[in-house]
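> Sequence first, predicted coordinates after that:
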Amino acid sequence: MLVSPAPHLVRSLSFAASRLVPPSPAASFAVSRVQPFLFVRRSLRVRAITSTAGDVAEFEEMASGTKRKYYMLGGKGGVGKTSCAASLAVKFANHGHPTIVVSTDPAHSLSDSFAQDLSGGTLVPVDGLDAPLFALEINPEKAREEFRSASQKSGGTGVKDFMDSMGLGMLVEQLGELKLGELLDTPPPGLDEAIAISKVMQFVEAQEYNMFSRIVFDTAPTGHTLRLLSLPDFLDASIGKILKLKQKLASATSAIKSVFGQEEPKQDASDKLEQLRERMVKVRELFRDAESTEFVIVTIPTVMAVSESSRLHSSLKKENVPVKRLIVNQVLPPSSSDCKFCAMKRKDQMRALEMIQNDAELMGLKLIQAPLVDVEIRGVPALRFMGDIVWK
């Protein structure tokens with residue numbers, strides 16, 4: 001039989017939820033000050049379930065310092081990235097760090113994790129605590145529209161408008177083999193997440209958001225992350241070539257137009273795409289900044305998940321993305337009497353954990369084991385409960 005958390009912990013969690021004081025309408029989570037917590041702190045202390053989390057997560061190191069830091073949690077789909085990211089954000093906020101948690105996963109679950117609607121595309125104060133915590137789900141479709149609008153004018157087609165804006169309209173047919181329509185009208189893989197991250201970077205750099213010292217990203221599954229990191233190179237190799245072509249022909253087209261008295265075309269489309277490319281480069285630079293950024297890999301104790309995590313770390317290392325920690329989620333707690341199913345499951349998990357210890361890519365990371373619990377991690381009380389287990 002699956003061993004559950006100590007009964008007093010489940011009761012404490014329920015008790016905390018019942019003691020939650022709903023915020024008043026006037027409590028708009030003003031970012032200028034931090035209110036006292038609305039929870040009874042002692043109700044969420046975790047003692048008996050920590051036996052599988054023997055490796056220290058060194059949360060104090062993560063919470064130390066006032067300089068802004070970005071934490072990006074990523075890994076295979078379905079391993080609990082959102083719960084880990086949300087619980088980390090709650091813990092940062094409760095330790096005095098004004099925090100923003102952002103989902104850049106096209107299939108958002110941050111709203112489900114906090115049990116409130118975060119889908120408006122704007123910062124929303126998280127219900128259930130007076131600590132300064134805001135959450136945001138970014139609509140990937142808006143990111144795709146931003147890319148399309150960079151190469152289109154109202155009512156036009158991407159290729160024609162783009163080439164016209166550069167004074168190269170007469171070359172559209174001749175350049176057909178370059179498949180410009182496919183490039184300009186269809187956003188490349190990873191662009192939606194990259195734009196989402198760049199948008200967050202833009203508004204947190206604004207004066208009114210200076211107070212936020214921790215930014216936590218719930219990123220898309222592994223494949224999206226890897227495509228995001230390669231995106232600046234893709235844009236350089238595609239859009240960059242078009243912009244260079246435009247520069248080479250600019251003087252010739254300018255001379256022809258001056259002879260026939262035509263106006264110099266506007267540079268809107270090319271300027272927008274160049275700005276977009278520069279923003280993507282900034283996103284990659286953020287990922288690589290070891291002083292302000294840490295990528296945390298989240299996995300579960302299965303052979304498939306561990307293998308994918310190993311490949312992810314290898315790719316992140318090649319891109320110079322700093323990785324220190326590996327969270328292994330859903331680890332069965334110890335038990336003196338296992339049913340046959342639990343015994344087999346535990347055996348499989350032990351094999352996966354042994355793989356981590358012997359894997360050249362993963363063995364050097366700080367291992368954090370998060371136990372499987374019999375309560376759904378949903379809402380602030382549950383996230384605080386999980387944070388006390390995982391982020392020590």
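Nice, I can see it. Numbering: from 1, shown residues only.
> Return stretch 193-207 as CSV; C-alpha atoms alone will do.
Written as CSV, here are the backbone C-alpha positions of stretch 193-207 (Å, rounded to 0.1, in the frame of the first residue of the first chain):
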residue,chain,number,x,y,z
GLU,A,193,8.4,31.2,-25.6
ALA,A,194,11.3,33.5,-26.5
ILE,A,195,9.0,36.5,-27.0
ALA,A,196,7.2,35.6,-23.8
ILE,A,197,10.5,35.7,-21.9
SER,A,198,11.6,38.9,-23.6
LYS,A,199,8.3,40.6,-22.7
VAL,A,200,8.9,39.7,-19.1
MET,A,201,12.4,41.1,-19.3
GLN,A,202,11.0,44.3,-20.8
PHE,A,203,8.5,45.1,-18.1
VAL,A,204,10.6,44.0,-15.1
GLU,A,205,13.3,46.4,-16.3
ALA,A,206,10.8,49.3,-16.0
GLN,A,207,11.0,51.6,-13.0
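> Not counting it itself, show me its contacts.
68, 100, 102, 104-106, 136, 138, 140, 143, 146-147, 209, 212, 215, 217, 219-220, 224-225, 228, 231, 276, 279-280, 282-283, 286 (C-beta atoms under 8 Å, 6 or more residues apart in numbering). Quick note: C-beta positions are derived from backbone N, CA and C, even for glycine.
> run the last query once more with 7 Å
For stretch 193-207, the surrounding residues in contact (C-beta atoms under 7 Å, 6 or more residues apart in numbering) are 100, 102, 104, 138, 143, 146, 209, 212, 215, 217, 219-220, 224, 228, 231, 279-280, 282-283, 286.
> and that stretch, average pLDDT?
For stretch 193-207, mean pLDDT is 76.
> again, but for stretch 315-325
93.
> Next, the buried residues of it.
Ser315, Leu316, Val321, Pro322, Val323, Arg325 (16 or more other C-beta atoms under 10 Å).
> Mind listing residues that contact it?
226, 229, 287-288, 290, 293-297, 313, 365-366, 368.
> Now which of those residues would you call buried?
Neighbour-count burial (16+ other C-beta under 10 Å) applied to the contacts of stretch 315-325 gives Leu226, Leu229, Phe287, Thr293, Glu294, Phe295, Val296, Ile297, His313, Leu365, Ile368.
> Tell me which residues touch Glu137, please.
Neighbour list for Glu137: Ser103, His108, Leu110, Ser111, Leu118, Ser119 [criterion: C-beta under 7 Å, 6+ apart].
> repeat that with 10 Å
Counting by C-beta atoms under 10 Å, 6 or more residues apart in numbering, Glu137 makes contact with 101-105, 108-111, 117-122, 124, 196, 218.
> Relative to Thr66, how far out is it?
Glu137 sits 27 Å away from Thr66, going by C-beta to C-beta, to the nearest Å.
> do the same with Asp105
In terms of C-beta to C-beta, Asp105 sits 29 Å off from Thr66.
> the more surrounded of those two?
Set Asp105 next to Thr66 and count neighbours by other C-beta atoms under 10 Å: Asp105 wins out with 25 against 8.
> tell me the secondary structure for the more buried one?
Using DSSP: H, G, I helix; E, B strand; the rest coil as the criterion, the local structure at Asp105 reads coil.
> That one contacts Gly78, doesn't it?
No: using C-beta atoms under 10 Å, Asp105 makes no contact with Gly78, being 11.4 Å away.
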